[in-house]
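Peer 1: The amino acid sequence is not available; the structure is as follows:
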């Protein structure tokens, strides 16, 4: 499978929104393309995230990765949260996910980030294998907590 990866912009909403909607459905959310489009549009408009888009040979979306900038107070440096990675079923096992991950890591390094972090479902073993193959290490030092608001 032939594909290219590039940084997406607000002009790519029609390509990215269906991928983002499918990503949300993968995690058990109901289909809602208008919500997906609106959410992404707000991130682009407010420069709150970076999104890299994989396109197949026909120019259709094959996957994306989305980064949220953050900071480490202890390191006094920039970090990135790799919050979303999605590859369409036909594009899986063709290197799209790994290429998207490399693009994200290269971007973060070039931006001077000292670290990237991500989380995934305990049941998402294919993603866990990908992350491990790229050198990501499960955190054993800190316990993550969340609270619904």
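Peer 2: Structure received. In this text the structure is predicted, and so the values were computed from the model without any measurement.
Peer 1: Relative to residue 105, how far out is residue 117?
Peer 2: Taking C-beta to C-beta, to the nearest Å as the measure, residue 117 and residue 105 are separated by 12 Å. The C-beta positions use only the backbone N, C-alpha and C, and glycine is treated the same way.
Peer 1: more neighbours, these two?
Peer 2: Summary of the neighbour comparison: residue 117 and residue 105, criterion other C-beta atoms under 10 Å, with residue 105 having more neighbours (19 against 15).
Peer 1: what helix or strand is that one on?
Peer 2: In this assignment (DSSP states H and E), residue 105 forms part of helix 96-110.
Peer 1: Residue 33: neighbour count?
Peer 2: By other C-beta under 10 Å, the residues close to residue 33 number 13.
Peer 1: do the same with residue 143
Peer 2: Applying other C-beta under 10 Å, we find 6 other residues in the vicinity of residue 143.
Peer 1: Equivalent analysis for residue 148, please.
Peer 2: Summarising burial for residue 148: neighbours were counted as other C-beta under 10 Å, giving 3.
Peer 1: so who does it touch?
Peer 2: Residues near residue 148 by C-beta atoms under 8 Å, 6 or more residues apart in numbering: none.
Peer 1: pull the helix or strand with minimum mean pLDDT from the chain.
Peer 2: Using mean pLDDT, DSSP states H and E, helix 125-133 stands out as the lowest-scoring helix or strand of the chain, at a mean of 92.
Peer 1: do you know how far the spatially most central residue of the chain is from residue 16?
Peer 2: For the chain, the residue nearest the mean C-alpha position is residue 65 (2.6 Å; C-alpha atoms, centre = their mean). Look at residue 65 and residue 16: by C-beta to C-beta, they are 11 Å apart.
Peer 1: list the residues that contact both of the two?
Peer 2: Overlap of the contact sets of residue 65 and residue 16 (by C-beta under 8 Å, 6+ apart) consists of residue 51.
Peer 1: re earlier: for the helix holding residue 105, which helices and strands make contact with it?
Peer 2: Under the contact criterion of 3 or more C-beta pairs under 8 Å, 6 or more residues apart in numbering; DSSP states H and E, the helices and strands touching helix 96-110 comprise strand 3-7, strand 50-56, strand 61-72, strand 77-87, strand 115-118, helix 125-133.
Peer 1: Pipe those into a markdown table and attach distance to residue 109 per row.
Peer 2: What follows is these, written out as a markdown table (distance: least, C-beta to C-beta, whole Å):
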| stretch | distance to residue 109 |
| --- | --- |
| strand 3-7 | 15 |
| strand 50-56 | 13 |
| strand 61-72 | 12 |
| strand 77-87 | 10 |
| strand 115-118 | 9 |
| helix 125-133 | 17 |
